[in-house]
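>>> Quick check, what structure comes out for this input:
(2 chains)
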Amino acid sequence: MTRDLTAEEVERYADGELPPDALPEIEAHLRDCSRCANAVLAVMQMKRAVRAAMPRFAPRRPLVLGKRSPRSLVWLAAAALVIIAVGGEMLVLSRNTSARELADLHSTILAGANPIDVVSTDRHTVKPWFEGRVPFAVNVPDLSATPFRLIGGRVVFWHGRPGAYLLVSKGAHKISLFVFESLPSLGNTPQMTIDEWRASGLTYVAVGDVPREDLEALRRAYGNP
Amino acid sequence: MTEELTFEAMALPLFEPLYNYARWLARDADEAEDLVQETYLKAFRGFGSFTAGTNFRAWIYRILRNTFLTSRSGLRGAPQISIDEDPDRYEGLAEAATPETIFFSRANAEALREAIEALPLPFREVILLSDVESFSYKEIAEMLSIPIGTVTSRLLRARAKVREALRGSK
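Residues are numbered from 1 along each chain as shown, chains lettered A, B, ... in the order given. As a prediction, this is how the structure comes out:
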């Protein structure tokens, strides 16, 4: 090809829009013609500069499709279950540092621009989403008659273990539910003790490898008979 | 055997890119959120009319864009000027680009952004769709309901305008 590229050809070449069979001839010309090569380069540079210069806006809140309404929260987890309720005060569930770490993880996730990867109020969407992503089946109960609403989920890694993270809301409060196959630092007892209560609009679920009396004592310590 | 994809499986991963694009169209966070919400609603209702196997991404972007165009600010921002669908072809390279073309650096990223923001919508959107969202000409053509040739010429003119603006800002 002896003639210069048209401006349109320059554009289409830079955008990768020329038909493949036109390429050998064009590329041969570009090798010989610095004028055309510069023109192509200029468009490519501009494309790259545009991509870099334009900030990407992230949504401020997750998408909520459809509406579900509320009943009581009965979550079952594979083996261990921790709920951290936030809004006012945060309950640290356990005597060891694991709960603190999970509380920090909860805050970190919520502070991010995109706390969850699968956005759905539909448990039939969320449950299969976890298949192949975490090594256990994630139970997502029907919350439609509860005051809780499923917002979505994501995979979290904690102490090198994959876990399912479900974000649930109750009114303006966000609740993180972490589901792991096992939580070594919380103890490896097969049977976890779970105690649940509500106070000042928050739901507390205490989880631990401790006798039930201990959890009941903890609950009383929080002023809940 | 392929499982038929559900609406959510196809639409949800596009949430962030759609929001980003809505922000560029509407230039306002609240409005962008409304736009995306409405887009999802419309897309969900119209999902039956979506032909499986065709480009879902282009399809839902088109819904977003049409939703924007019929929104208040969309109507307000509609170009009153003709954008010459079939402009005079540039002969050869014209002065589209010369070796000492604008050197794109961090320093003039701001100027570049301003230049793009100042473009009339038809030009702004082709640049965004092509360079930022990496859509192909064919996808853009589908989305904007214009021929591919028009996408090419619009992009050409849009980039020429940006270059012009950058020269002016120097």
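>>> Send over the longest helix seen in chain A as PDB, restricted to the C-alpha atoms.
For chain A, the longest helix by residue count, based on DSSP state H, is helix A:34-53. C-alpha atoms of helix A:34-53 as PDB (Å, rounded to 0.1, in the frame of the first residue of the first chain):
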ATOM      1  CA  SER A  34       6.300   7.400  10.200                       C
ATOM      2  CA  ARG A  35       3.600   9.900   9.500                       C
ATOM      3  CA  CYS A  36       0.900   7.200   9.600                       C
ATOM      4  CA  ALA A  37       2.600   5.400  12.500                       C
ATOM      5  CA  ASN A  38       2.600   8.600  14.500                       C
ATOM      6  CA  ALA A  39      -1.100   9.100  13.700                       C
ATOM      7  CA  VAL A  40      -2.000   5.700  14.900                       C
ATOM      8  CA  LEU A  41       0.200   6.100  18.000                       C
ATOM      9  CA  ALA A  42      -1.500   9.400  18.800                       C
ATOM     10  CA  VAL A  43      -4.900   7.800  18.800                       C
ATOM     11  CA  MET A  44      -3.800   4.900  20.900                       C
ATOM     12  CA  GLN A  45      -2.200   7.300  23.300                       C
ATOM     13  CA  MET A  46      -5.300   9.300  23.500                       C
ATOM     14  CA  LYS A  47      -7.400   6.200  24.200                       C
ATOM     15  CA  ARG A  48      -5.100   5.200  26.900                       C
ATOM     16  CA  ALA A  49      -5.100   8.700  28.400                       C
ATOM     17  CA  VAL A  50      -8.900   8.900  28.300                       C
ATOM     18  CA  ARG A  51      -9.200   5.600  30.100                       C
ATOM     19  CA  ALA A  52      -6.800   6.800  32.700                       C
ATOM     20  CA  ALA A  53      -8.200  10.300  33.100                       C
END
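>>> That one: which residues count as buried?
A:36-43, A:45-47, A:49-50, A:53 (16 or more other CB atoms under 10 Å in any protein chain shown). C-beta: built from backbone N, CA, C; applies to glycine.
>>> Near chain B, list only the ones from those residues.
Counting by CB under 8 Å from any CB of the partner chain, A:36, A:38, A:39, A:42, A:43, A:45, A:46, A:47, A:49, A:50, A:53 from those sit close to chain B.
>>> correct me, but the first one touches residue A:30?
It stands for residue A:36. Yes: Residue A:36 is in contact with residue A:30 according to CB atoms under 8 Å; the separation is 5.6 Å.
>>> anything in contact with each of those two?
Here residue A:36 and residue A:30 share the contacting residues residue A:5, scored by CB atoms under 8 Å, 6 or more residues apart in numbering or on different chains.
>>> ok so, going back, out of the ones next to chain B among the buried residues of helix A:34-53, who's nearest residue A:178?
Nearest to residue A:178 among these: residue A:53, at 38.9 Å, using CB to CB.
>>> which stretches of chain B have low pLDDT?
For chain B, applying pLDDT under 70 flags the ranges B:1-5, B:72-107, B:169-170.
>>> Show me where it has its helices.
Along chain B, the stretches classed as helices by DSSP H are B:7-11, B:15-26, B:29-45, B:56-69, B:72-76, B:109-118, B:121-127, B:137-144, B:148-169.
>>> Mean neighbour count and distance to residue A:129 added to these, as TSV?
Shown next, in TSV, are the helices of chain B (neighbours: other CB atoms under 10 Å in any protein chain shown; distance: least, CB to CB, whole Å):
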stretch	mean neighbour count	distance to residue A:129
helix B:7-11	19	9
helix B:15-26	22	14
helix B:29-45	18	17
helix B:56-69	20	18
helix B:72-76	12	34
helix B:109-118	17	36
helix B:121-127	21	32
helix B:137-144	20	27
helix B:148-169	19	35
